[in-house]
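S.K.: Predicted model and sequence follow; I will ask about them next.
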Amino acid sequence: MAFAITQTCCADATCVSVCPVNCIHPTPEERAFGSTEMLYIDPRSCIDCGACADACPVDAVRPVLSLTGPEEAYATINADYFEGTEPTTRTPGSPNLHDWGAPRFDRVLGADFPRLRVAIVGSGPAGMYAAEDLILHADAEVTVLDRLPVTDGLIRFGVAPDHPATKQVAENFHRLHQHPRVRLALGVEVGTDVTHEQLLEHHDAVIYAVGAPSDRRLGVPGEDLPGSLPATTVVGWYNGHPDVAADAVDLDTERVVVVGTGNVALDVARVLLSDPDTLAGTTIAPHALAALRTSKVHEVVLLARRGPEDAAWTRPELLALRHLPGVELVVDDHAEEVGATIDAAERGRKAATLQGVARRGIDWSLPPAPGRRIVVRFLATPVEVTGDEETRGIVVSDGARRTEIAAARVIRAIGHRGQRVADLPWDGATATVPHHEGRVDSLPGAYVAGWIKRGPSGGIGTNRRCATETVGTLFDDVITGRISTGAVRRRGLKRLLARAQR
Ligand code: SF4
């Protein structure tokens, strides 16, 4: 028997550091880290100790023999990652409890420095991984600010409610909220309620971890018609985001088109078509659950610009979609090359995940057939959202011809985009803050972490390494005297934050 990592993998690599035989890969030291769909356990080397399962913050690690139904695929998915490689072994220098190499202090700020005071703007994963590093590796005091009245950012408002194991990662951060050197200031918007300069009067540095809260736009006519929505609105709606009205999403229609094939697109399709009773015990917003109970939606169409091998979803999320109770997954059989690519795909390839999925030609001028269904249409570039007063449909092109898909709701899920942060420099092309290993060179005391630093890619765990780099840079700057510590005002912070919260 061996253990296997499953769908909920957050890739924060906590498991890697506890494995006594170094059989979980890629490790943060390996080039592939951050670019794979998840982490994998080499079944040839695993000694079944279970340490990784105990350490995993999202309960993603399970004994292979306990996997049932669709989860059985993870035994193969884990093993496939190591195909053609030598069995993994403990490597010198790897982050391994049993590898007692020379100690490394390069990311620790010693006691010879006055207490470091850092403000972190954003209580999502990037901000909290930074807070964790500061608390564990320095005698730092941390003020975590969030413009919302609640913590957790993307974990609370971005992860789908039917992924409770993924949301569980927030529990680690909640423990940190209680730490005596951590102060929370919720409902405070930096740039509006308090300025960067005011924060710097009381802190040695400010780390901005504000994410990428906007959506990328399609750039086609009609995308602002009523009924055409960004995915952030839909995701915020079912997660109860305070900025999204309870009636922001109207499900009084049979077909919804989602532009995009990333995991957010799959989340939206899954939530819209799931049996509401299965969502009832989750964190779904009550208004969304009530709307789903009376929803007329029974077909969701996912539009992919390119072919099956280029879909943006991860294989675990597509596997989950294949096994959604009462919902049929169908590939629109409109182009011969789509089926040919799926049939020719070798095991482990993205397109191979669609082998065995029904393929059907669909007449888009007709209303959807009875039954709940997700249809994937590949080679479909959006050209125009149609309608006069309201959305009527979307025209797509495969290069040779155009097709109009009738749908009263069109949801664009083609990625996030950062929003300009007050006082900070801005790169409009990437919608990120220009930085050098997390330091904003043009604004003294400012640092960035997470999506506002590297752009909106990578899941929750990817932020751990990103935050670690930023905190490492901050420690370097303290050690080299680039920023000074101990000179900030010790009094008045509480009053400043209380005033800002009003
Ligand atoms: Fe490593 Fe033990 Fe987990 Fe196997 S069960 S992957 S040996 S930590």
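M.R.: That came through, no problem. Computed from a prediction, not measured in an experiment: that's the story for all the values here.
S.K.: buried stuff in stretch 327-337?
M.R.: 327-332, 334-335 (16 or more other C-beta atoms under 10 Å). Just so you know, the C-beta spots here come from the backbone N, C-alpha and C atoms, and that holds for glycine as well.
S.K.: My error: substitute stretch 485-498 in the last question.
M.R.: Here stretch 485-498 shows 485, 488, 493, 496-497 as buried, counting by 16+ other C-beta under 10 Å.
S.K.: again, but for stretch 438-451
M.R.: 438-440, 443, 445-451.
S.K.: Kindly report the residues of the stretch 51-200 of the chain close to the ligand.
M.R.: Applying C-beta under 6 Å from any ligand atom, one finds that the stretch 51-200 of the chain approaches the ligand through 51-52.
S.K.: Can you show me the strands along the stretch 51-200 of the chain?
M.R.: 61-63, 116-121, 140-146, 182-186 (DSSP state E, counting those that start in this stretch).
S.K.: Same question for the stretch 351-500 of the chain.
M.R.: 358-360, 372-377, 381-386, 393-397, 402-406, 409-412, 416-417, 446-448.
S.K.: which residues touch Val194?
M.R.: 145, 188, 496-497, 500 (C-beta atoms under 8 Å, 6 or more residues apart in numbering).
S.K.: one more time with 10 Å, if that's ok
M.R.: 119, 121, 145, 185, 188, 202, 496-497, 499-501 (C-beta atoms under 10 Å, 6 or more residues apart in numbering).
S.K.: just the buried members of those residues?
M.R.: Of the contacts of Val194, these count as buried by 16+ other C-beta under 10 Å: 119, 121, 145, 185, 188, 202, 496-497, 500.
S.K.: element containing the residue in the stretch 301-450 of the chain positioned nearest to the ligand, please.
M.R.: Residue nearest to the ligand within the stretch 301-450 of the chain: Pro316 (17.7 Å; C-beta to the nearest ligand atom). Under the criterion of DSSP states H and E, Pro316 resides in helix 315-322.
S.K.: Could I get the average pLDDT for that helix?
M.R.: Helix 315-322 shows a mean pLDDT of 88.
S.K.: oh, and call the first residue 631 from now on, that's how I've got it
M.R.: Sure, I'll start numbering at 631, so the last one becomes helix 945-952.
S.K.: Quick check: what element follows it along the chain?
M.R.: Counting by DSSP H and E, what follows helix 945-952 is strand 957-962.
S.K.: can you list the domains in this protein?
M.R.: 633-711, 746-843+1048-1130, 845-1046 (automatic domain parsing).
S.K.: Which single one of the buried residues of stretch 1115-1128 is nearest to Asp1028?
M.R.: Leu1127 (54.9 Å; C-beta to C-beta).
S.K.: Tell me what the spatially closest residue to the closest one that is not a sequence neighbour is bridged to.
M.R.: Closest residue in space to Leu1127, ignoring its immediate chain neighbours: Ala815 at 4.4 Å, by C-beta to C-beta, 6 or more residues apart in numbering. The partner list for Ala815 in beta bridges (DSSP bridges) reads Leu775.
S.K.: what's the spacing between Ala815 and the ligand?
M.R.: Distance of Ala815 to the ligand, given as C-beta to the nearest ligand atom, to the nearest Å: 38 Å.
S.K.: In contact with that residue, which residues?
M.R.: 749, 751, 753, 773-776, 823-824, 829, 1123-1124, 1126-1128, 1130-1131.
S.K.: swap in Pro1074?
M.R.: Residues near Pro1074 by C-beta under 10 Å, 6+ apart: 826, 830, 835, 1112-1113.
S.K.: and if you look at Leu746?
M.R.: Leu746 touches 739, 764, 768-772, 833-835, 1104-1105, 1108, 1113, 1115-1116, 1118, counting by C-beta under 10 Å, 6+ apart.
S.K.: Redo the strands of the stretch 981-1130 of the chain as TSV? Include distance to Val799.
M.R.: Shown next, in TSV, are the strands of the stretch 981-1130 of the chain (distance: least, C-beta to C-beta, whole Å):
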stretch	distance to Val799
strand 988-990	35
strand 1002-1007	27
strand 1011-1016	34
strand 1023-1027	35
strand 1032-1036	37
strand 1039-1042	26
strand 1046-1047	19
strand 1076-1078	21
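S.K.: Please name whichever of the ones you listed is nearest to Thr908.
M.R.: Minimum separation from Thr908 across these (C-beta to C-beta) falls at strand 1002-1007, 12.7 Å.
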